[in-house]
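Trainee: Pasting the sequence and the predicted coordinates here, then a few questions.
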Amino acid sequence: MNPRKSLSIFLFSICIMKAIAQTPDIPEFRAEQLEFQAEKTNAEPEDDSYELNLASFSKHPMNLNTASAEDLEQLQLLGILQIRNFISYRKLLGPLLSVHELQAVPGWDPETIRKLLPYIAIGRDESVYTTIKERWKGGDATVLIRAGQVLEKSKGFEKPSGPDASYYTGTAQNFFIRYSYNYKQLLEFGFSGEKDAGEPFFASAQRYGFDFYSFHFFLQHAGIIRALAIGDFTVNLGQGLIQWQTFSSTKSSEVLAIKREAACLLPYHSAGEFNFHRGVAISLQKGKCQSSLFISSQKISTSLQSDTVGREDLFSSFQNSGYHRTPAEIADRNNSLQNSAGGNIRYSGEQFMIGLNFIHFQFSHPFQKRDEPYNLYSFKGSKLTDYSLDYNYTHGNMYLFGEFALDQWRRMAFVQGALISLSENIDMSFLYRNISPAYQSLYSDAFTESSTPNNEKGFYAGLLFKPLTSLQFNIYYDVFIFPWLKYRIDAPSAGRDLFFQINYKPNKSWRLGTLLKYEVKSTNAMVSNGGTHGLATPVKQRWRIETECTINRNFGLNSRMEFLWIRTNGFPIRQGYLGMSSLSYRRSGLKGNIGVAIFETDDYDSRIYAYEPDLLYNFSLPAYFGRGIHYYINLQQDFSRLMGRGPNHFRLSGWIKWGQSFYPGSASIGSGLDEIPGNRKSEIKAQVLFQWQ
């Protein structure tokens, strides 16, 4: 990168700095979590359950006088210590009379209360019997329709050059439709359909329309029934060692967010075609005891191939992208059957909880990964069973939690964490994990460096320090080792990760933040000839500075700069830069975001992920690499304000987003069938939302 150019861009960004305005539809911490999660998994998340929950709570706020600890966890705006302090406060002093009392709860600072206010209320409990009668009427019905397309024609849509050439069998548009009914999250049901770009629509392999259909029915708090799910649902057990299917936190500025927190059963209504169950599930609660059980049977897409001796077909990988565009992808669509069952039983006391969990999978074809050294311990066969015990214990200002898991071959995995409040302005977190290289699980997601809990030992320590109400320091240090080989790492390896962030927020309308991240992780050395790779230890450093400010009731601005360096002994330094600025507007039912990003990176390894405001319940987390400019215009209009409210409280909202990227000097963009000739890529998206009661 040209130093003079970097300096000029830096000074330009400083001049316009005074703000970053995250889209009001998503909390600031959530946007950062999405960025770090995308970097960890190299994929955009598709689960919008959390955004749907916030929208529901904004319309029907949670009653703090009746909310349980599990209910408060759904907001994901409170730490576990803050939740415990609130439950103790309410038990000691009785129901709250006003939200102003929240200032007296230990650990609840003004910023935390401000984030909660749109989603909470102080009120009296409702009759369960009356609520059940009302659940089938008076709820919120919603129809969401979304469409989009990249305007430039990629290679996949060109006429195939030969009989064996790969190509996209469908059209370039993508579609998503969802109907849902929700009565205060006590009763939910609905269905959805989704088609990706390149997939046929009411033609060829998809003669019934959409490539993916989903249905869910979910009932909560009906007497002894804590939750009842029919159709598609997700299952979360323990700390994610044997099963975790909803969005989970990873290492970020939320240094205390190391504990997995979610209900065991949740409805699934997203566009992703992987990582959920299809069947029946129930959770029962009586006093301090709660138990859950589920059974599921669904077709999944896999890389199916004939056995070398012709005895039985087997599959070597799960096709979790959800794409069924080419003849080869269509052939892999729903070609295997997955049956699963599991559940848990737990007991919750005043200061502790202990639970037993189990899950079992059976496939119609055996699973066997490629015969590579790093796959030596990988799961092989058609059956897999995992068990675990999870627990937590509260003692004063210390909260301990953990999970111990075994697979069917008695190979172990273990995580143990602690959250400690040292004073009103100092909190700490610790987490140790020890997961055998041979331990196997599916659809799991613990707090680990790797994307799945396997082949890892590590220790994490985090510190949250607030010397002033307006000043906050977030620090963590994580050290880890991988006892066995990994993909692209041909020997046991190790690494460490140091993160430091400062946030300064003197008032409600302005914030300045900066972060530094230093990461060292072994990988195969780059060599010019074949043979076994030696290991290299590249050092990856990141520096980000951002601000946020609300200019007035209508306008907000944002700017962000990010610099990235990768240093490897014997090779030139690889660098990356991203500069972003945007303007947000809100008035009389009209919302809008206009933004521009300038980026320059030396290669794909120095890419930078950045959250971008998008259509409601949709995510945009582009990976910026190469050299170019990107801009977008995102508009939302509430048409019901223009039409007036009818007797059925009908609401109609619309979104439209235009985005375009330029790569000066490039002959093409992308690779493979997604390669676009030229140096420009344009995308348009539109969405309408109908709501009524």
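Mentor: Nice, I can see it.
Trainee: quick one: secondary structure of residue 329?
Mentor: At residue 329 the chain is in helix, as set by DSSP: H, G, I helix; E, B strand; the rest coil.
Trainee: What sits closest to it if chain neighbours are left out?
Mentor: Nearest residue to residue 329, sequence neighbours excluded (CB to CB, 6 or more residues apart in numbering): residue 323, at 5.6 Å. All C-beta spots, glycine's among them, are computed from the backbone N, C-alpha and C.
Trainee: and residue 427, what are its bridge partners?
Mentor: Counting by DSSP bridges, residue 427 forms beta bridges with residue 421, residue 464.
Trainee: any idea how far it lies from residue 635?
Mentor: 40 Å (CB to CB, to the nearest Å).
Trainee: And these two? Which one has more around it.
Mentor: residue 427 (22 against 15; other CB atoms under 10 Å).
Trainee: So for stretch 502-511, what gets flagged as buried?
Mentor: 502-503, 505, 510-511 (16 or more other CB atoms under 10 Å).
Trainee: Pick out the most distant pair among those.
Mentor: By the measure CB to CB, 502 and 510 form the most distant pair in these, at 14.6 Å.
Trainee: Go ahead and flag the most central residue of the chain.
Mentor: In the chain, the residue lying closest to the centroid (CA atoms, centre = their mean) is residue 247, at 4.2 Å.
Trainee: Against residue 262, how distant is the spatially closest residue to it that is not a sequence neighbour?
Mentor: Closest residue to residue 247 apart from its sequence neighbours, by CB to CB, 6+ apart: residue 47 at 5.1 Å. With distances taken as CB to CB, residue 47 is found 11 Å from residue 262.
Trainee: Could you name every residue contacting both of those two?
Mentor: Shared contacts of residue 47 and residue 262, defined by CB atoms under 8 Å, 6 or more residues apart in numbering, comprise residue 246.
Trainee: Just the helices from this protein, written as ranges.
Mentor: Assigned by DSSP state H, the helices in the chain fall at 3-16, 28-41, 49-59, 69-75, 80-93, 110-116, 128-134, 327-332, 639-643.
Trainee: will you turn those helices into TSV that also has mean neighbour count and distance to residue 604?
Mentor: Shown next, in TSV, are the helices of the chain (neighbours: other CB atoms under 10 Å; distance: least, CB to CB, whole Å):
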stretch	mean neighbour count	distance to residue 604
helix 3-16	13	20
helix 28-41	18	12
helix 49-59	18	29
helix 69-75	18	37
helix 80-93	17	37
helix 110-116	15	36
helix 128-134	13	53
helix 327-332	16	23
helix 639-643	14	42
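Trainee: Was I right to think residue 637 contacts residue 589?
Mentor: Yes - between residue 637 and residue 589 there is a contact under CB atoms under 8 Å: 6.2 Å.
Trainee: quick one: which of the two has more around it?
Mentor: More crowded of residue 637 and residue 589, by other CB under 10 Å: residue 637, with 17 against 13.
Trainee: Please list all residues in contact with that one.
Mentor: 589-591, 653-654.
Trainee: Give me the buried entries from those.
Mentor: By 16+ other CB under 10 Å, the contacts of residue 637 give 591, 653 as buried.
Trainee: on that earlier part again, the residue nearest to the centre of the chain contacts residue 48, correct?
Mentor: No - contact between residue 247 and residue 48 fails when scored by CB under 8 Å: they sit 9.1 Å apart.
Trainee: can you pull out the strands in the stretch 301-450 of the chain?
Mentor: All strands of the stretch 301-450 of the chain, identified by DSSP state E, counting those that start in this stretch, fall at 302-305, 314-318, 336-348, 352-367, 381-395, 398-407, 412-423, 426-435.
Trainee: what would these look like in CSV with distance to residue 459 and mean pLDDT?
Mentor: Shown next, in CSV, are the strands of the stretch 301-450 of the chain (distance: least, CB to CB, whole Å; pLDDT from 0 to 100):
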stretch, distance to residue 459, mean pLDDT
strand 302-305, 36, 90
strand 314-318, 31, 92
strand 336-348, 27, 97
strand 352-367, 24, 97
strand 381-395, 19, 96
strand 398-407, 14, 97
strand 412-423, 10, 96
strand 426-435, 5, 97
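Trainee: Which among these is found nearest to residue 691?
Mentor: Between those, strand 336-348 lies closest to residue 691; by CB to CB that is 34.8 Å.
Trainee: which stretches of the stretch 1-150 of the chain aren't confidently modelled?
Mentor: 1-29, 124-131 (pLDDT under 70).
Trainee: End to end on stretch 108-122, go ahead and measure it.
Mentor: 16 Å (CA to CA, to the nearest Å).
Trainee: residues in contact with it?
Mentor: Residues outside stretch 108-122 that contact it (CB under 8 Å, 6+ apart) are 27, 54, 57-58, 61-65, 75, 77-78, 82, 85-86, 95-99, 102-103, 466, 469, 505, 508.
Trainee: repeat that with 6 Å
Mentor: Contact with stretch 108-122 is made by 57-58, 61-64, 75, 77, 96, 99, 102, as judged by CB atoms under 6 Å, 6 or more residues apart in numbering.
Trainee: Kind regards, and thank you for your time.
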